[in-house]
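# below is the sequence, then the predicted model.
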Amino acid sequence: MLDQIRVVLINTSHPGNIGAAARAMKTMGLQDLVLVDPKGYEDGKPSAETYEIAEARSSGATDVFEQAKVVATLEEATADCGVVFGASARSRSLPWPLMHPRKASSKAVEAMRANNRIALVFGRERTGLTNEELAQCHVHVHIPTNPDYASLNVAAAVQVLTYEMRMAVLDAQDQLDAAYDGTWGVNWDHELANQGELNSFFTHLESTLVDIEFLDPNNPKQLMPKLRRLFQRAAPDKVEINILRGVLKMMGRAQKSDASERVASQAASSSDLNKE
């Protein structure tokens, strides 16, 4: 489906934005870029300066902007597209279908499943799309940015919309969850600790906490249930439980060593007093 998505940039004034948009597209698996009357192009070809700047900003996505088709009008850019989405930050007096990127990507998947090509249209850096251009878009897409600072670079807007499109396509093709298998997105390297191992750990933990006087056995309150809840929520594996048991064992040794030193110190002090 990703090959059915076209990105259209209108009247781009800075070639760096063309290169950056190409990079954004390639990272999301898109290749179809159409430029409408871009600055720095003549007879469909970029000037040497335009090419140099765009190439530098593309960071290896040179093929995307090199293969970009250059046309004179939005009509030409979208003539073979079934659904046209126009990125817009402006409100209109005439109500128009308006979606956020996630909803728009879902709508795009519906259209692509019916073998339609879709277009994502982005306007000029300073002024965006004209009313006439917006009128040619079936749906307006508004990125819900911070209302106190809604300035979004055109290449950044391309990245947002192409990311949402890729996520929707992967989800529709049942590839998204497959790539992030397991509770934490990976297949775990060790088997989870079973209930018997957890219970032994909690017994060991409780006795250690009593020994170090962190837990008062006469007034335990809710300490152990809360600790049990904590560790069970973490779902430790067998190796992790063994590590924790090792830590408790060393704490026990340290506690006994400290007690022995205190006894020896007290005995020495008592002997010194007797000599006096």
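Cool, got the structure. From a predicted model like this one, the values you see are computed outputs, not experimental measurements.
# center of this structure, which residue is that?
In the chain, the residue lying closest to the centroid (CA atoms, centre = their mean) is Y163, at 9.6 Å.
# that one touches G29, doesn't it?
No: counting by CB atoms under 8 Å, Y163 stays clear of G29, with 10.5 Å between them. For glycine as for every other residue, the C-beta is placed from the backbone atoms N, C-alpha and C.
# just the CA atoms of the host helix or strand of L33, as CSV, please.
Secondary structure assigned from DSSP states H and E places L33 in strand 32-36. Presented in CSV, the C-alpha positions along strand 32-36 are these (Å, rounded to 0.1, in the frame of the first residue of the first chain):
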residue,chain,number,x,y,z
ASP,A,32,6.5,8.9,-4.9
LEU,A,33,7.3,12.6,-4.7
VAL,A,34,5.8,15.3,-6.9
LEU,A,35,6.9,18.9,-6.9
VAL,A,36,4.6,21.6,-8.1
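# how far away from the center of its chain is that strand?
27 Å (CA atoms, centre = their mean, to the nearest Å).
# give me the contacts around the next helix or strand along the chain from it.
Sequence-wise, the next helix or strand downstream of strand 32-36 (DSSP H and E) is strand 41-42. Strand 41-42 is contacted from outside by L35, S47, T50, V70, using CB atoms under 8 Å, 6 or more residues apart in numbering.
# partners of strand 41-42 in the sheet?
strand 45-46 (antiparallel) (DSSP bridges).
# mind giving me the packing neighbours of whichever helix or strand comes after the strand it pairs with?
As assigned by DSSP H and E, the chain's next helix or strand after strand 45-46 is helix 48-58. Here helix 48-58 touches helix 15-27, helix 62-66, going by 3 or more CB pairs under 8 Å, 6 or more residues apart in numbering; DSSP states H and E.
# list the buried ones in the host helix or strand of E76?
Under the criterion of DSSP H and E, E76 resides in helix 74-78. Neighbour counts over helix 74-78 (16 or more other CB atoms under 10 Å) mark L74, A77, T78 as buried.
# show me the shaky parts of the stretch 51-200 of the chain.
By pLDDT under 70, the weakly predicted segments of the stretch 51-200 of the chain are 90-93.
# can you list contacts of stretch 170-181?
So stretch 170-181 is in contact with M1, V109, R113, M167, V186, N187, going by CB under 8 Å, 6+ apart.
# just the buried residues of these.
Of the contacts of stretch 170-181, these count as buried by 16+ other CB under 10 Å: M1, V109.
# between the contacts of stretch 170-181, which is closest to K221?
Taking CB to CB as the measure, K221 lies nearest V186 of these, at 37.2 Å.
# from the chain's centroid, how far away is stretch 170-180?
15 Å.
# do stretch 199-210 as well
Worked out by CA atoms, centre = their mean, stretch 199-210 lies 39 Å from the chain centre.
# dump that stretch to CSV, keeping only the CA atoms.
Extracted C-alpha coordinates of stretch 199-210, given in CSV (Å, rounded to 0.1, in the frame of the first residue of the first chain):
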residue,chain,number,x,y,z
ASN,A,199,6.9,-17.4,47.0
SER,A,200,10.4,-18.6,48.1
PHE,A,201,11.7,-15.2,47.2
PHE,A,202,9.1,-13.4,49.2
THR,A,203,9.8,-15.6,52.2
HIS,A,204,13.5,-14.8,51.9
LEU,A,205,12.8,-11.1,51.4
GLU,A,206,10.6,-10.9,54.5
SER,A,207,13.1,-12.6,56.7
THR,A,208,15.9,-10.3,55.5
LEU,A,209,13.8,-7.2,56.0
VAL,A,210,13.1,-8.3,59.6
